[in-house]
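Q: Structure for this input, please:
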Amino acid sequence: MGETTVDRRDERISMLSSIPFFTMHLLPFLAFFTGLRWWDALIFFVLYYVRMTALTAGYHRYFSHRTYKVNRLVQFLIAFTGGAAAQKGALWWAGHHRHHHKYSDMDEDIHSPTKRGFWWSHCGWILCRKYDATRFDLIPDFAKYPELRFINKFHLLPPILVGTATFFLGYALGGTASAWAALLFGFFGSTVLLYHVTFMINSLAHVFGNRRYATRDTSRNNLILSLLAGGEGWHNNHHHYMASANQAFRWWEIDTSFYLIKLASFVGLTWDVRKVPKHMMEKHLIRNGEADIGMFEKHWQNALLALENARSKTGEMYGERRKELDALIAATKAKVEEIARLASGPEPVGGDGAQ
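A: Numbers count the residues shown, from 1 in each chain. Okay, here's the model as predicted:
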């Protein structure tokens with residue numbers, strides 16, 4: 001149980017490069033001076049749900065996990081529409097997301113709320129220059145397409161084009177004041193909401209909700225986040241089996257992103273849509289007594305933190321007590337992992353080919 005070897009010294013929020021992000025949060029309030037019309041609200045919701053779906057069904061389930069197939073034109077349209085949410089390019093987004101799944105809630109995870117706290121996992125890591133680069137090494141399957149590399153490099157192009165189109169749409173509907181209202185409230189307002197709903201899957205979906213499956217992380221299922229984020233809130237389901245296009249595993253779990261993916265398959269826009277196998281839906285259920293290594297590690301970290309906080313009170317006994325606790329945790333963790341391996345069977349969690 002040694003200390004983390006991950007170098008965090010260069011992890012700081014870049015205030016200068018973060019000015020556009022913070023400014024964008026203020027722009028929607030300027031719509032008070034232009035007035036709002038019913039079509040401004042409609043533009044807001046259309047831009048929100050279209051771009052949210054491009055992020056959830058596209059950036060996440062297609063580019064990050066390859067849970068279905070599309071042709072090259074549709075692939076580019078997904079990348080462009082998702083890019084209009086101003087969350088950088090699909091290659092950047094998916095590369096970092098694959099890294100998250102590889103090291104979820106471990107020291108290497110760049111946005112784990114259990115390791116780094118709420119604000120860093122929510123948006124701090126995005127405002128850090130350290131993670132500006134695209135992890136092409138983690139997404140070679142899509143990085144081979146020059147059009148995707150182009151839209152990833154010039155990731156500001158989609159939001160600029162969509163924002164401009166929104167302005168002129170507002171002008172056509174009601175003149176100059178309407179144009180500014182459509183831009184400020186319809187485009188920038190929905191973009192800010194997109195930011196924080198997407199970010200909450202990183203932060204809150206590992207903190208609040210229920211756990212159905214024993215996993216190596218602290219992912220949870222959350223109905224409210226699912227409704228806001230097109231089904232992404234069934235996060236524990238997803239971490240249990242990430243190779244599936246559907247994240248809702250029960251009939252009553254709403255997953256609008258999957259509904260669209262499935263609907264598109266009926267007209268040939270998507271194919272080879274992968275669903276969770278029936279036997280995996282009943283595997284590693286916590287209610288059946290599965291060893292939940294993810295939650296064990298969370299409690300282990302809390303125990304170490306409590307020991308660190310009590311350091312001043314323990315004096316000379318601190319070093320001895322720390323060694324004893326480390327030895328106990330190491331032995332307990334090894335036993336939990338052994339039980340988890342015995343219970344897991346031959347099939348890896350997530351299925352073959354999952355990123």
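Q: CA atoms only: put stretch 84-92 into PDB for me.
A: As requested, the backbone C-alpha atoms of stretch 84-92 are provided in PDB (Å, rounded to 0.1, in the frame of the first residue of the first chain):
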ATOM      1  CA  ALA A  84     -20.400  21.700 -31.500                       C
ATOM      2  CA  ALA A  85     -20.900  21.100 -27.700                       C
ATOM      3  CA  ALA A  86     -17.400  22.800 -27.300                       C
ATOM      4  CA  GLN A  87     -16.000  19.800 -25.400                       C
ATOM      5  CA  LYS A  88     -13.000  19.500 -27.800                       C
ATOM      6  CA  GLY A  89     -12.700  16.900 -30.500                       C
ATOM      7  CA  ALA A  90     -14.000  13.300 -30.600                       C
ATOM      8  CA  LEU A  91     -10.400  11.900 -30.600                       C
ATOM      9  CA  TRP A  92      -9.400  14.000 -27.500                       C
END
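Q: what's in contact with that stretch?
A: The set of residues external to stretch 84-92 that reach it, using C-beta atoms under 8 Å, 6 or more residues apart in numbering, is 24, 51-52, 54-55, 58-59, 63, 78-79, 82-83, 93, 134-136, 139, 142-143, 148-149, 151-153, 155-156, 158-159, 161-162, 191, 194-195, 198. For the C-beta atoms, the positions are set from N, CA and C on the backbone; glycine is no exception.
Q: got the buried residues for it?
A: The neighbour-count check on stretch 84-92 (16 or more other C-beta atoms under 10 Å) flags 84, 85, 86, 87, 88, 89, 90, 91, 92 as buried.
Q: still on that earlier bit, select only the buried ones of the contacts of stretch 84-92 in ChimeraX?
A: Under the burial definition 16+ other C-beta under 10 Å, those of these that qualify are selected in ChimeraX by:
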select :24,51,52,54,55,58,59,63,78,79,82,83,93,134,135,139,142,143,148,149,151,152,155,158,159,162,191,194,195,198
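Q: low-confidence ranges in this structure?
A: 1-9, 291, 296-321, 335-355 (pLDDT under 70).
Q: what residues are up against the closest residue to residue 211 other than its chain neighbours?
A: Closest residue in space to residue 211, ignoring its immediate chain neighbours: residue 236 at 5.2 Å, by C-beta to C-beta, 6 or more residues apart in numbering. Residues in contact with residue 236 (C-beta under 8 Å, 6+ apart) are 209, 210, 211, 212, 213, 215, 219, 220, 221.
Q: In ChimeraX, select just the buried ones from the residues you listed.
A: For selection in ChimeraX, the members of the contacts of residue 236 meeting the burial criterion (16+ other C-beta under 10 Å) are listed in this command:
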select :209,211,212,213,215,219,220,221
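Q: quick check, nearest of the contacts of residue 236 to residue 290?
A: Each of those was scored against residue 290 by C-beta to C-beta, and residue 213 proved nearest at 7.6 Å.
Q: what separates the closest one from residue 29, distance-wise?
A: Taking C-beta to C-beta, to the nearest Å as the measure, residue 213 and residue 29 are separated by 42 Å.
Q: can you check residue 274 too?
A: From residue 274 across to residue 29, the span is 43 Å (C-beta to C-beta).
Q: More neighbours: those two, which one.
A: Neighbour count, other C-beta atoms under 10 Å: between residue 274 and residue 29, residue 274 has more, with 19 against 12.
Q: Report the separation between the residue nearest to residue 211 and residue 248.
A: Here the distance between residue 236 and residue 248 works out to 12 Å (C-beta to C-beta).
Q: which phi and psi does residue 203 have?
A: Torsion angles at residue 203 (phi, psi; degrees, to the nearest 10) stand at phi -90, psi -60.
Q: what's the closest residue to residue 253 other than its chain neighbours in contact with, if anything?
A: Distance criterion C-beta to C-beta, 6+ apart; nearest residue to residue 253, sequence neighbours excluded, is residue 234 at 5.6 Å. Contacts here follow C-beta under 8 Å, 6+ apart; on that basis residue 234 touches 221, 222, 226, 247, 248, 249, 253, 255.
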